[in-house]
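# Quick one, structure for this:
(one chain, ligands or ions: 1)
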Amino acid sequence: MRRVFILVHGVVSYLVVLGVFTWFAGFVAGFGVPRTIDDGPPVAWPRALLVDAALLASFALQHSVMARPWFKRVWTVFIHESAERSTYVLLASLQLALLMWAWKPLPTPIWDLGHGWLAGLVHGLAAIGWGLVLVSTFAIDHFHLFGLRQAVDHWLGRPAHEPDFRVRGPYRLVRHPIMLGFLIAFWAAPTMSVGHLGFALAMTLYVFVALELEERDLRAQHGAHYHGYEAQIPRLNPFARR
Ligand SMILES: C[S@@+](CC[C@H](N)C(=O)[O-])C[C@H]1O[C@@H](n2cnc3c(N)ncnc32)[C@H](O)[C@@H]1O
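Predicted structure coming up:
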């Protein structure tokens, strides 16, 4: 019974992640969803600033703390190991959904490229960013990253295993292609509003903090292997010389 429950939980969490992420891409890119980052009833800017900062901070805090190995050790006392990753991605997605639902727009434009070829080019760049995120999840282990593999393995009675450290596809160019893809997608905006700029700045800051924490864990986990990788492959800028 518990195996079936963990499997259903894993499948539902994976579908929620896919849905929320697709919605999030539309929210940031500004089309395909009923309310984008610049839509919604107008509110006074101090209130918008306060609400948006609180939403971003709680997303960053939850996302970083729950991803740490010490936190995983603590909460797998209560949650079965094979359901740990799906619960983490489910909670992170719900937090993201809350951010999009409660977001207060600050639509004053900082720059506006209109609707010509240049705007099209910037839209294309954003699409490349989202594409890079998706492709990179498959270059490591897409289904393990979102918890589905662990739930299926448990259901089939297979032993749990940590995914291998992978250096293939975009991971040959930069060490963090998923985060690079997000940064491209957040900044490549033909119309950049005050609210979108605040969002991009806060997320950029968060990415750098998150990468510090993640690399600390990866060094502890993979030792000399990761040090060698760091010496050969740049962190985020594929054109940086090592
Ligand atoms: C959300 S993913 C982000 C990965 C990476 N920071 C990026 O931006 O592409 C975080 C997970 O990926 C894992 N990870 C990072 N680099 C990896 C690699 N080269 N091979 C396998 N797993 C990796 C980390 O251990 C962590 O569990």
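# drop to CA atoms for contacts and neighbour counts, all remaining ones
Noted.
# which residues in the protein form helices?
Secondary structure of the chain (DSSP state H): helices located at 2-29, 45-67, 69-75, 81-102, 117-139, 142-145, 148-156, 177-187, 194-222, 224-232.
# what about the last one, near the ligand?
No: judged by CA under 6 Å from any ligand atom, helix 224-232 and the ligand are separated, with a smallest distance of 8.7 Å.
# can you check the first one too?
No: figure legend: helix 2-29 not in contact with the ligand (CA under 6 Å from any ligand atom); closest approach 12.6 Å.
# Which residues of this structure lie near the ligand?
Contact residues (CA under 6 Å from any ligand atom) of the chain with the ligand: Ile140, Asp164, Phe165, Arg166, Val167, His176, Pro177, Ile178, Met179.
# Among those, which one is most surrounded by other residues?
Pro177 (26 neighbours; other CA atoms under 10 Å).
# who's in contact with it?
Pro177 is in contact with Leu132, Val133, Ser136, Pro170, Tyr171, Leu236, counting by CA atoms under 8 Å, 6 or more residues apart in numbering.
# among these, who's most crowded?
Of all the contacts of Pro177, the highest neighbour tally under other CA under 10 Å goes to Val133, namely 23 neighbours.
# With adjacent residues omitted, what lies nearest to that one?
Take Val133 and drop its neighbours on the chain: the residue closest to it by CA to CA, 6 or more residues apart in numbering is Ile178, 4.5 Å away.
# residue contacts, the one you found?
Listed by CA under 8 Å, 6+ apart, the contact partners of Ile178 are Leu132, Val133, Leu134, Ser136, Thr137.
# can we see that at 7 Å?
Leu132, Val133, Ser136 (CA atoms under 7 Å, 6 or more residues apart in numbering).
# measure it to Pro170 for me?
Noted for Ile178: a distance of 9 Å to Pro170, by CA to CA, to the nearest Å.
# Could you do His63 as well?
Between His63 and Pro170 the computed distance is 23 Å (CA to CA).
# go on, Thr204?
Here Thr204 is placed at a distance of 20 Å from Pro170 (CA to CA).
# likewise Leu106?
From Leu106 across to Pro170, the span is 35 Å (CA to CA).
# before we move on, what about Val135?
Noted for Val135: a distance of 8 Å to Pro170, by CA to CA.
# same check, this time on Arg216
21 Å.
# What of Ala151?
With CA to CA as the criterion, Ala151 and Pro170 are 27 Å apart.
# next one: Asp164
Applying CA to CA to Asp164 and Pro170 gives a distance of 16 Å.
# If we ignore the residues flanking it in sequence, what's nearest Lys72?
Met66 (6.9 Å).
# Ok, Pro69 next?
Per CA to CA, 6+ apart, closest to Pro69 is Asp217, 7.7 Å.
# if we can go back for a sec, could you dump the contacts of Ile178 to TSV with pLDDT?
Formatted as TSV, the contacts of Ile178 follow (pLDDT from 0 to 100):
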residue	pLDDT
Leu132	98
Val133	98
Ser136	98
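# which outside residues touch stretch 38-48?
Residues contacting stretch 38-48 (CA under 7 Å, 6+ apart): Lys104, Pro105, Leu106, Pro107.
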